[in-house]
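Chemist: Have a look; sequence and predicted model below, questions after that.
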There are 2 protein chains.
Amino acid sequence: MSSKTPTAAVLIIGNEILSGRTKDANLPYLGEQLAGLGIRVVEARVVSDVEEEIVNAVNALRAKVDYVFTTGGIGPTHDDITAASIAVAFGTELHLHPKAHADFQRHYGDDLNEARLRMAHVPKGAVLVENPVSVAPGFRIENVYVFAGIPRVMQSMFDSMKHELNGGPAIRTRSITGFMLEGEIAAALSAIQDKWPQVDIGSYPLMKESRFGTSLVLRSNDHTALDSAYADVREMVLGKGIEVISED
Amino acid sequence: MSSKTPTAAVLIIGNEILSGRTKDANLPYLGEQLAGLGIRVVEARVVSDVEEEIVNAVNALRAKVDYVFTTGGIGPTHDDITAASIAVAFGTELHLHPKAHADFQRHYGDDLNEARLRMAHVPKGAVLVENPVSVAPGFRIENVYVFAGIPRVMQSMFDSMKHELNGGPAIRTRSITGFMLEGEIAAALSAIQDKWPQVDIGSYPLMKESRFGTSLVLRSNDHTALDSAYADVREMVLGKGIEVISED
């Protein structure tokens, strides 16, 4: 992959992910979607609902990558502190966003209470990200996109802004999985990796029907190199007489 | 939760998690298991198979929490650089561990090649963590436990060392889920949170049968306070005439 490949980080905010109670579904979604747009996710963090944790993570990640996506913590309850924490990270304050305020008045009418009005507050300088599923918006400030945690809402927010991203050629994946032990193919695989530095070659052991197998996964935004490296890997695997489970 | 509750961080190493191709199952497992031992996971990171990334993350996390658990990158292939990176993080070197070496000789016999022998190398000063599933061991150096990425292997490594951890009273969870909007219960919930600072109260919106609902989740290692706070939450929810979906 070229060193100019745009990069992204995902910041998952919420105690429920750290406790193990809720399995995150947003990183896999964003990883795949961004790869399709030619953007590579290079780091993810999960932090608890604590302002200092969110501030430190946002500031570390936004300095490091082209795009940061946060998920979670933008609702109306006491543990929803993402917007306020992002404001602190950017050295600014929350304000009541006029368009969000108008949308909330129309949507909630007489049910617009103080808690709900919190969701219409965004850091000064932030631009709203539309939420087609429910009324509460996400927002962007500089290179940081702030999304909801519910996967369906997060996905609709991503859909409504993804045209803004400056990506590149899609990062494509090819893989071959077989009943091979990593130790059998490590040396040959390393030689193929050295031959094709534009391609990321990963080796992932697995267990299937109580037998050990391995998936060899190749990824690149250089599609010609990807196909050539894949041909080399496939030839190596078949040449060793390995029983193939799947290819794609 | 008491400020003395022991803390942990999970460091997931591997491009396949960032790409979205593989969904991590190790953080949910460790989050739940550690809660049972009274240890709270306060942060998780996912980093790519790049030495500098692993070194920086390990050093940041081991200074911050009582226990760090890493998963992934301890196999025999070119992308398995966890052990070498941990050695760099601790300012030491890899060495061939005598017991691991002996185990490998016995297990592989004439098939013990250079790639496999890499897995018997650990940082100087590290103590092996037994792997009852396959021969390649994990290890511990200071407060950092280095585990395999395959969930079944990771779990067996955790089982073989968990008695070493200094935990405390189990962190227990109680929850109530209903067809309520967060905006309806936010103010009352915040008052209950203020009343019971020993209990972490989280509010998690969800969608079920195209309707919005919310799970209210309470966690604490102070079991008396947990039950009392839960009684308050339950009374508040029922008092508002909310249709309850589940309780536990």
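Modeler: Yep, that arrived.
Chemist: Every contact and neighbour count from this point should use C-alpha atoms.
Modeler: Noted.
Chemist: All the strands of chain A, residue numbers only.
Modeler: For chain A, the strands defined by DSSP state E occupy A:7-13, A:40-47, A:67-71, A:94-96, A:121-123, A:127-129, A:138-141, A:144-147, A:172-178, A:200-208, A:211-220, A:244-247.
Chemist: Buried residues of the longest one, list them for me.
Modeler: Residues A:G213, A:T214, A:S215, A:L216, A:V217, A:L218, A:R219, A:S220 are the ones in strand A:211-220 that count as buried (16 or more other Cα atoms under 10 Å in any protein chain shown).
Chemist: Could you verify my assumption that A:L218 touches A:G202?
Modeler: Yes: contact status for A:L218 versus A:G202: in contact at 6.4 Å, counting by Cα atoms under 8 Å.
Chemist: got the buried residues for the longest helix seen in chain A?
Modeler: Criterion DSSP state H: the longest helix present in chain A is helix A:223-239. Residues A:H223, A:A225, A:L226, A:D227, A:A229, A:Y230, A:D232, A:V233, A:R234, A:M236, A:V237 are the ones in helix A:223-239 that count as buried (16+ other Cα under 10 Å).
Chemist: now do stretch A:97-113
Modeler: A:H97, A:A100, A:H101, A:D103, A:F104, A:L112, A:N113.
Chemist: before we move on, what about stretch A:135-149?
Modeler: So stretch A:135-149, judged by 16+ other Cα under 10 Å, has buried residues A:135-141, A:144-149.
Chemist: dump the residue contacts of A:E43.
Modeler: If you count contacts by Cα atoms under 8 Å, 6 or more residues apart in numbering or on different chains, A:E43 has them with A:A8, A:A9, A:V10, B:L18, B:R45, B:V46, B:V47, B:S48.
Chemist: which residues does the third one form a beta bridge with?
Modeler: Spelled out, that is A:V10. Beta-bridge partners for A:V10, by DSSP bridges, are A:A44, A:F69.
Chemist: Just list the residues touching it, thanks.
Modeler: A:L27, A:L30, A:V41, A:E43, A:A44, A:R45, A:V68, A:F69, A:T70, A:T71.
Chemist: what's the domain layout of chain A?
Modeler: Residue ranges of the domains in chain A are recorded as A:7-164, A:172-247, according to automatic domain parsing.
Chemist: if we can go back for a sec, can I have the buried ones of the contacts of A:V10 as a ChimeraX selection?
Modeler: To isolate the buried ones among the contacts of A:V10 in ChimeraX, judged by 16+ other Cα under 10 Å, type:
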select /A:27,30,41,43,44,45,68,69,70,71
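Chemist: Below-threshold pLDDT in chain A: ranges please.
Modeler: The model of chain A has pLDDT under 70 over residues A:1-3.
Chemist: And the longest helix of chain A, how far out from the chain middle?
Modeler: 28 Å (Cα atoms, centre = their mean, to the nearest Å).
Chemist: Let me see the residues that make contact with that helix.
Modeler: Contacts for helix A:223-239 (Cα under 8 Å, 6+ apart): A:172, A:174-176, A:185, A:188-189, A:192, A:196, A:198-199, A:218-220.
Chemist: how near is the most centrally placed residue in chain A to A:V46?
Modeler: With distances taken as Cα atoms, centre = their mean, the residue of chain A nearest its centroid is A:L30 (3.5 Å). According to Cα to Cα, to the nearest Å, A:L30 and A:V46 sit 14 Å apart.
Chemist: ditto for A:R116
Modeler: Applying Cα to Cα to A:R116 and A:V46 gives a distance of 25 Å.
Chemist: If you count surrounding residues, which of those two has more?
Modeler: A:V46 (26 against 21; other Cα atoms under 10 Å in any protein chain shown).
Chemist: Quick check, that one in contact with A:I12.
Modeler: Yes: in this structure, A:V46 is within contact of A:I12 by Cα under 8 Å, at 4.6 Å.
Chemist: Run through the residues that contact A:G213.
Modeler: Counting by Cα under 8 Å, 6+ apart, A:G213 has contacts A:T177, A:G178, A:F179, A:M180, A:L181, A:E182, A:P205, A:L206, A:M207.
Chemist: State the phi and psi torsions of the closest residue to A:I81 other than its chain neighbours.
Modeler: Closest residue in space to A:I81, ignoring its immediate chain neighbours: A:G73 at 5.8 Å, by Cα to Cα, 6 or more residues apart in numbering or on different chains. Dihedral pair for A:G73: phi 80, psi 20, per degrees, to the nearest 10.
Chemist: wait, isn't A:G73 in contact with A:A148?
Modeler: Yes: under the criterion of Cα under 8 Å, A:G73 makes contact with A:A148 at 6.9 Å.
Chemist: Adding distance to B:G168, write the domains of chain A out as TSV.
Modeler: Listed next are the domains of chain A as TSV, based on distance: least, Cα to Cα, whole Å:
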stretch	distance to B:G168
domain A:7-164	16
domain A:172-247	34
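Chemist: thinking again about what came up before, and the furthest pair within the buried residues of stretch A:97-113?
Modeler: A:H97 and A:N113 (15.9 Å; Cα to Cα).
Chemist: Please look at A:L27 and B:E16 and confirm they touch.
Modeler: No: between A:L27 and B:E16 there is no contact under Cα under 8 Å: 11.3 Å.
Chemist: Contact partners for the residue found closest to A:T5 once you drop the neighbours it is linked to in the chain?
Modeler: Closest residue to A:T5 apart from its sequence neighbours, by Cα to Cα, 6+ apart: A:I39 at 6.5 Å. Residues near A:I39 by Cα under 8 Å, 6+ apart: A:T5, A:P6, A:T7, A:A8, A:G167, A:G168, A:A170, A:I171.
Chemist: Good, wrapping up.
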